[in-house]
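*Asks:* Sequence first, then the predicted structure, then my questions.
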Amino acid sequence: MAAGDEAAYRVFYEAYFDRLWRYLLVVTGGDEDATREALQSALLRVVRHVKVFPDDRIFWGWLTVLARSSLSDQRRKRWRYLAFLDRFTRHAEVQQSATAPAEADAKLLSLLEGNLAALPAEERQLLEWKYCESRSIRDIAAALGTTEKAVESKLLRVRRKLKSAMLIGLKDE
């Protein structure tokens, strides 16, 4: 087999395949998929690294070491893959949660724009002066020819009206 003789590999296969299968089946606790993967990997290692051993007992010991290391490598590879999937899933969740507030903000802004458009022109103008143009209550009162207290009261009523309309719109969300 060390010289690459295919007939020698067949003899090895007939003599050790079932024995290695049973050994790995016990080591894996009956997991046939893990046994199959580890056995395949162990057989490849045997073909690549086979050498002459003084007796069958030492050869079997070498085979079991190859089989256990193949199983460990398979488990490590599976753990890395699952860890990668976990990181990928968390990254996707972070990306999704990052876009979710943007979508929510867009919906909220759309709802606000719709409710502002539904307000009478004088109420909308009052909100624009105060919150878009950052005008003071004194300036707004002077522009409207009224008192500061009247402007504050009117702003309070308009904000409550807008809040009520927004809450009704958000109830459907």
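*Replies:* Happy to help now that I have it.
*Asks:* Give the next helix or strand downstream of the helix or strand of the chain with the lowest mean pLDDT.
*Replies:* Ranked by mean pLDDT, DSSP states H and E, the helix or strand of the chain with the weakest confidence is helix 56-118, at a mean of 83. Tracing the chain C-terminally past helix 56-118 and defining elements by DSSP states H and E, one meets helix 121-127 next.
*Asks:* Now find how far off-centre the helix or strand following that next one is within its chain.
*Replies:* Remark: after helix 121-127, the chain's next helix or strand is helix 137-144, criterion DSSP H and E. Helix 137-144 sits 53 Å away from the centroid of its parent chain (C-alpha atoms, centre = their mean, to the nearest Å).
*Asks:* Which elements pack onto the helix or strand that helix 137-144 is followed by?
*Replies:* Downstream of helix 137-144, the next assigned helix or strand under DSSP H and E is helix 148-171. Applying 3 or more C-beta pairs under 8 Å, 6 or more residues apart in numbering; DSSP states H and E, we find helix 148-171 packed against helix 56-118, helix 121-127, helix 137-144. (Glycine included, C-beta is placed from N, CA and C.)
*Asks:* list the buried ones in helix 148-171?
*Replies:* Neighbour-count burial for helix 148-171, with 16 or more other C-beta atoms under 10 Å as criterion, is recorded at 151, 154-155, 158, 162, 165-166, 169.
*Asks:* For it, give me every contacting residue.
*Replies:* 108, 111-112, 114-116, 118-119, 123, 126-127, 130, 137-138, 140-141, 144 (C-beta atoms under 8 Å, 6 or more residues apart in numbering).
*Asks:* Taking helix 56-118 as reference, get the angle to that helix.
*Replies:* 130 degrees (axes from the mean of the first three to the mean of the last three C-alpha atoms, to 10 degrees).
*Asks:* Mind exporting the C-alpha coordinates of helix 148-171 to PDB?
*Replies:* Once non-C-alpha atoms are left out, helix 148-171 reads as follows in PDB (Å, rounded to 0.1, in the frame of the first residue of the first chain):
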ATOM      1  CA  GLU A 148     -47.600  86.300  23.400                       C
ATOM      2  CA  LYS A 149     -49.900  84.400  25.700                       C
ATOM      3  CA  ALA A 150     -52.500  84.000  22.900                       C
ATOM      4  CA  VAL A 151     -49.700  82.600  20.600                       C
ATOM      5  CA  GLU A 152     -48.600  80.100  23.300                       C
ATOM      6  CA  SER A 153     -52.200  79.000  23.800                       C
ATOM      7  CA  LYS A 154     -52.800  78.600  20.100                       C
ATOM      8  CA  LEU A 155     -49.500  76.700  19.700                       C
ATOM      9  CA  LEU A 156     -50.600  74.400  22.500                       C
ATOM     10  CA  ARG A 157     -54.000  73.700  20.900                       C
ATOM     11  CA  VAL A 158     -52.400  73.100  17.400                       C
ATOM     12  CA  ARG A 159     -49.700  70.700  18.900                       C
ATOM     13  CA  ARG A 160     -52.400  68.700  20.800                       C
ATOM     14  CA  LYS A 161     -54.500  68.500  17.600                       C
ATOM     15  CA  LEU A 162     -51.500  67.300  15.600                       C
ATOM     16  CA  LYS A 163     -50.600  64.800  18.300                       C
ATOM     17  CA  SER A 164     -54.100  63.400  18.300                       C
ATOM     18  CA  ALA A 165     -54.100  63.000  14.500                       C
ATOM     19  CA  MET A 166     -50.600  61.400  14.700                       C
ATOM     20  CA  LEU A 167     -51.800  58.900  17.400                       C
ATOM     21  CA  ILE A 168     -54.800  58.000  15.300                       C
ATOM     22  CA  GLY A 169     -52.600  57.400  12.300                       C
ATOM     23  CA  LEU A 170     -50.100  55.300  14.400                       C
ATOM     24  CA  LYS A 171     -52.800  53.200  15.800                       C
END
